[in-house]
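Chemist: Compute the structure for the input listed below.
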Amino acid sequence: MEAVLTADVFWLGVLQTTIGATLAFALGLLAFQFQLGTQRAESQKVAKAAANDALFRALQAAILNIETLASIKMQIVADLREESQRMETLVNDYYNADTRGREAALRSMKEASESFHSFYKTTPPPSMLEPPDFNELSLVVRQMPALTNFLHRGTSTFHDVIARLAERNEMIAKHATENDAGMTEHRFVYYMSMLTGLGNSICEHVDDDLAFFMLVRRQAENYLANPEYEGMYASYEIAARAQPFLPDENRFPELNAQVKVFSFNS
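Modeler: Numbers count the residues shown, from 1 in each chain. Down below sits the predicted model:
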């Protein structure tokens, strides 16, 4: 009888140990899953905060680049546009004229060029504030895909503006050098044609780039201003002196229609 009781006690102990081990394993597994879930949630929170921070920096870059481009427009583009368009007409008149008419057309070109204020004015190439890398914006861009397009267009066009301003400065320097040495009719017309093309291109590119960065600003502010945004957000106002030089907000209707408007109250 004692042997039977001893066996019962033994197996009872085994059962208790098994149950305890199983329960401990299950609780350990649950604790691990909870910890894993907590770490995953924390990781997602950190990633979202980083993406929001990158978006905020993209907004800052857009506004500062808008002010830089508006400053260029204020300093030179307003006058350069008018003078380049006028010279373009005179250059076309020269090429369309017959041999006799070209002498008068050339004289008109020279008289006009001597009266211009911005046509021969060099401009230091501006510096662009680079926005965050697109990879940093990957989480928020999923909710507004057009933002990547706006940023790409804005940065690439700004680089084009810088390149054309540098090319124009070089062209003006070469023109001055050849003019001092005595310039032929052919070379004079060549320089007028090239400077006209560069001037018109710069004027259009500056307005285009302003519009692209205005789209970046509009899209970013719409997202950052929503109640679900977790973080400090302060709207930036564009400098008052730059406001009159901004192009029409609807310069690119097709792109304007791609701006995602978030309705957080619905």
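Chemist: From now on I want contacts and neighbour counts done on CA atoms only, so please keep to that.
Modeler: OK.
Chemist: which residues does S113 contact?
Modeler: Each residue near S113 by Cα atoms under 8 Å, 6 or more residues apart in numbering is listed here: M87, F119.
Chemist: Sort out which residues of the helix or strand containing M171 are buried, please.
Modeler: Using DSSP states H and E, M171 sits within helix 146-181. Using 16 or more other Cα atoms under 10 Å as the test for burial, helix 146-181 gives 146-148, 150-155, 157-162, 164-166, 168-169, 171-172, 175.
Chemist: same check, this time on stretch 191-205
Modeler: The neighbour-count criterion (16+ other Cα under 10 Å) identifies M192, S193, L195, T196, G197, L198, G199, N200, S201, I202, C203, H205 as the buried residues of stretch 191-205.
Chemist: What is the subsequent helix or strand relative to the helix or strand encompassing V91?
Modeler: Under DSSP H and E, the secondary-structure element containing V91 is helix 78-96. For helix 78-96, the following helix or strand on the C-terminal side (DSSP H and E) is helix 99-115.
Chemist: Now the element after that following helix, going C-ward?
Modeler: Next along the chain after helix 99-115, taking DSSP H and E as the criterion, comes helix 138-141.
Chemist: where does the residue most central in space within the chain land on pLDDT?
Modeler: Nearest residue to the geometric centre of the chain (Cα atoms, centre = their mean): L151, 3.3 Å. Reading off the confidence values, L151 has pLDDT 96.
Chemist: quick revisit: keep only those of the buried residues of stretch 191-205 that are in strands.
Modeler: Cross-referencing the buried residues of stretch 191-205 against strands under DSSP state E gives no overlap.
Chemist: Looking at the residues you listed, spot the one nearest L224.
Modeler: When the buried residues of stretch 191-205 are ranked by distance to L224 (Cα to Cα), H205 comes first, at 28.3 Å.
Chemist: Report the separation between that closest one and T17.
Modeler: Using Cα to Cα, to the nearest Å, one gets 79 Å for the distance from H205 to T17.
Chemist: got any ranges where this structure has weak pLDDT?
Modeler: With pLDDT under 70 as the threshold, the chain has low-confidence stretches at 1-16, 19-21, 24-48, 226-236, 263-266.
Chemist: try it again with 80
Modeler: Judged against pLDDT under 80, the low-scoring parts of the chain cover residues 1-52, 139, 225-237, 262-266.
Chemist: circling back: and the helix holding V91 with helix 99-115, angle?
Modeler: Interaxial angle of helix 78-96 relative to helix 99-115 (axes from the mean of the first three to the mean of the last three Cα atoms, to 10 degrees): 170 degrees.
Chemist: all helices for the stretch 151-266 of the chain, in order.
Modeler: In order along the chain, the stretch 151-266 of the chain carries the following helices (DSSP state H, counting those that start in this stretch): 185-224, 253-256.
Chemist: Now tabulate those helices in TSV and tack on distance to Q85.
Modeler: Shown next, in TSV, are these (distance: least, Cα to Cα, whole Å):
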stretch	distance to Q85
helix 185-224	7
helix 253-256	26
